[in-house]
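# sequence isn't available, so here's the structure alone:
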């Protein structure tokens with residue numbers, strides 16, 4: 001199950017994407033956004049998804065934060081500066 005939420009705060013616009021999959025092991029979290037980093041032996045992906053997202057977010061002067069308990073969920077929180085001024 002994917003849960004997507006968003007909010008506008010003082011640091012910008014944040015979108016959170018959370019799944020209830022198997023999670024990412026704590027020792028893999030730091031390198032999960034590195035290019036060609038596959039997170040499991042059974043992962044058939046190329047390891048470019050999170051790395052590509054990280055680059056796009058950085059291009060927009062934003063921040064990507066990855067959280068997981070290693071067993072039951074993973075959450076990606078992306079914050080980018082608010083593109084519209086507050087009135």
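Ah, there it is. Every value quoted in this text rests on a predicted model; they were computed, and no experiment measured them.
# against residue 6, how distant is residue 15?
Taking Cβ to Cβ, to the nearest Å as the measure, residue 15 falls 5 Å from residue 6. From N, CA and C alone the C-beta is placed, and that goes for glycine too.
# all strands for the protein, in order.
2-9, 12-19, 63-68, 74-80 (DSSP state E).
# now render those strands as JSON lines, adding mean pLDDT.
Below are these laid out as JSON lines (pLDDT from 0 to 100):
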{"stretch": "strand 2-9", "mean pLDDT": "94"}
{"stretch": "strand 12-19", "mean pLDDT": "94"}
{"stretch": "strand 63-68", "mean pLDDT": "92"}
{"stretch": "strand 74-80", "mean pLDDT": "93"}
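# out of the ones you listed, which one sits most buried?
strand 74-80 (a mean of 19; mean count of other Cβ atoms under 10 Å).
# helices or strands next to that one in the packing?
strand 12-19, helix 49-59, strand 63-68 (3 or more Cβ pairs under 8 Å, 6 or more residues apart in numbering; DSSP states H and E).
# residue closest to the middle of the chain?
residue 76 (2.9 Å; Cα atoms, centre = their mean).
# report the beta-bridge partners for it.
Counting by DSSP bridges, residue 76 is bridged to residue 17, residue 66.
# what are the buried residues along stretch 49-57?
Across stretch 49-57, burial judged by 16 or more other Cβ atoms under 10 Å covers 50, 51, 53, 54, 57.
# and which of those is nearest to residue 70?
residue 50 (16.0 Å; Cβ to Cβ).
# pLDDT score assigned to that closest one?
Listed pLDDT for residue 50 reads 83.
# could you find the closest non-adjacent residue to it?
Using Cβ to Cβ, 6 or more residues apart in numbering and skipping residues adjacent in sequence, the residue nearest residue 50 is residue 33, 4.6 Å away.
# next up, phi/psi of the one you found, please.
The phi/psi pair for residue 33 (degrees, to the nearest 10) reads phi -100, psi 10.
# now do the contacts for it.
50, 51, 53, 54, 64, 66 (Cβ atoms under 8 Å, 6 or more residues apart in numbering).
# how much space is there between it and residue 55?
For residue 33, the distance to residue 55 - Cβ to Cβ - is 9 Å.
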